[in-house]
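*Asks:* Generate coordinates for the sequence data below:
(2 chains)
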Amino acid sequence: MNRNKNAFTNGIRDGIPIALGYFAVAFSLGIVAKKAGLNPFQGFLSSLLNHASAGEYAEFTVIMANAPYIEMVFVILVTNIRYLLMSCALSQRFDPDTSNMHRLLVGFGITDEIFGISIGRSGALNPYYNYGAMAVALPGWSMGTAMGIVAGSVLPASVVSALSVALYGMFIAIIIPASRTNKVVGGVVIISFLVSFIVSKIPLFGRLSDSMKISILTVLIAGAAAALFPVKDDDDDTLTDSGLQ
Amino acid sequence: MTHNIYLYILTAAAVSCLIRVLPLTLIRGKIKNPFIRSFLYYVPYVTLAVMTFPAIIAAPQVPLAGILALIAGAIAAWRGVNMMGIAALCCGVVFVCEMAAGYLVY
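*Replies:* As a prediction, the model looks like this:
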């Protein structure tokens, strides 16, 4: 009981910077939503249920185009496919006895950032940590979207610009310490940076959505790393000790 | 034919939710296959790295500010600064850089 409460508090603590970053990003997403004809409540609802930056951007373009519903299914599937990989990865962090209710709720709450901070935790994942993070991050995201629709451009550009890197700062906070403790992870991170940069410069790949690029690169690079440097699988502690303190 | 915005939102939400929830509920217990285990072990780092770079350069108004934020953040992370501190540092670096760039331009 106490451990769950602790995990929840930690989740809230780590969720606050996410919520702040989300608010700023969602604010600009709200401007797109407004163009697509959504009112503040619809923007709020969309962000509460979908909470995905690239996914929602794509969603609003589908709405704007007045495209068939089946196109929405396809577009969301493609732009959000990385969550499938994240969900697979998280499944390995759960205690096998974790109930379906916890699995469902934690799964619902997966975002890039919440996934990022939960993967950075040591040992088996406590669902209450995710609930804490979701409790602040998701409202931040949803209210940011609604505010963006209402207020357009209230925040000065310099503030939006500065806040836009908060999320990346959090990613760095996860991948760099892991790279320090595990050389293979460090190499994989550097290769990922390089390949991602090269792909962004090749016009041929310009037509792929960002989420699609992320998914393809993740499968290729993580697959190559797994083939070349298999992780010793004595037990989970080796896994967590080797990369994630 | 016009479509209902709420139906659009619900369709998108249903697909997102299935993608997120299915693996977590279907994969119970530990995967034994060493390749898949290793693959899933590397997935988070690759995904986060690919999402960070070069996007961090494109996010601010001044690309150099993004590069400096990345370098500053990486050094701080290497030295063990916590997540919130690194996020704040990156924001600060971009804010200051863009202020400085503003003075240089005008």
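
*Asks:* And chain B, is the longest helix seen in chain A touching that?
*Replies:* Ranked by residue count and defined by DSSP state H, the top helix of chain A is helix A:2-35. Yes. Using C-beta under 8 Å from any C-beta of the partner chain, we find that helix A:2-35 touches chain B at A:13, A:14, A:16, A:17, A:21. (Each C-beta comes from the backbone N, C-alpha and C, glycine too.)

*Asks:* what's the angle between whatever helix or strand comes next after that helix and helix A:2-35?
*Replies:* Once helix A:2-35 ends, the next helix or strand along the chain (criterion: DSSP states H and E) is helix A:40-50. In terms of direction (axes from the mean of the first three to the mean of the last three C-alpha atoms, to 10 degrees), helix A:40-50 departs from helix A:2-35 by 130 degrees.

*Asks:* Counting neighbours, which bits of helix A:40-50 end up buried?
*Replies:* Buried residues in helix A:40-50, defined by neighbour count with 16 or more other C-beta atoms under 10 Å in any protein chain shown: A:40, A:42, A:43, A:44, A:45, A:46, A:47, A:48, A:49, A:50.

*Asks:* now stretch B:61-76
*Replies:* B:61, B:62, B:65, B:66, B:67, B:68, B:69, B:70, B:72, B:73, B:74, B:76.

*Asks:* Give me the residue at the spatial middle of chain A.
*Replies:* By C-alpha atoms, centre = their mean, chain A has its centre lying nearest to residue A:112, at 0.8 Å.

*Asks:* what's the following helix or strand after the one helix or strand residue A:178 maps to?
*Replies:* Using DSSP H and E, residue A:178 sits in helix A:166-181. Using DSSP H and E, the helix or strand that follows helix A:166-181 in sequence is helix A:183-201.

*Asks:* buried sites along that following helix?
*Replies:* Buried, per 16+ other C-beta under 10 Å, within helix A:183-201: A:184, A:185, A:186, A:188, A:189, A:191, A:192, A:193, A:195, A:196, A:199, A:200.

*Asks:* repeat for stretch A:122-132
*Replies:* Result for stretch A:122-132 [16+ other C-beta under 10 Å]: buried residues A:125, A:126, A:127, A:128, A:129, A:130, A:131, A:132.

*Asks:* where do the helices sit along chain B?
*Replies:* Going by DSSP H, chain B shows helices at B:5-26, B:34-52, B:55-58, B:63-78, B:83-105.

*Asks:* quick one: average pLDDT of the shortest one?
*Replies:* To tie it back to what came earlier, the one meant is helix B:55-58. Across helix B:55-58, the average pLDDT comes to 89.

*Asks:* before we move on, what about the second one?
*Replies:* Summarised as a single mean, pLDDT over helix B:34-52 is 87.

*Asks:* If we go by neighbour counts, what in that helix is buried?
*Replies:* B:37-52.

*Asks:* And for the first one?
*Replies:* Residues B:5, B:8-13, B:15-17, B:19-25 are the ones in helix B:5-26 that count as buried (16+ other C-beta under 10 Å).

*Asks:* No further questions, thank you.
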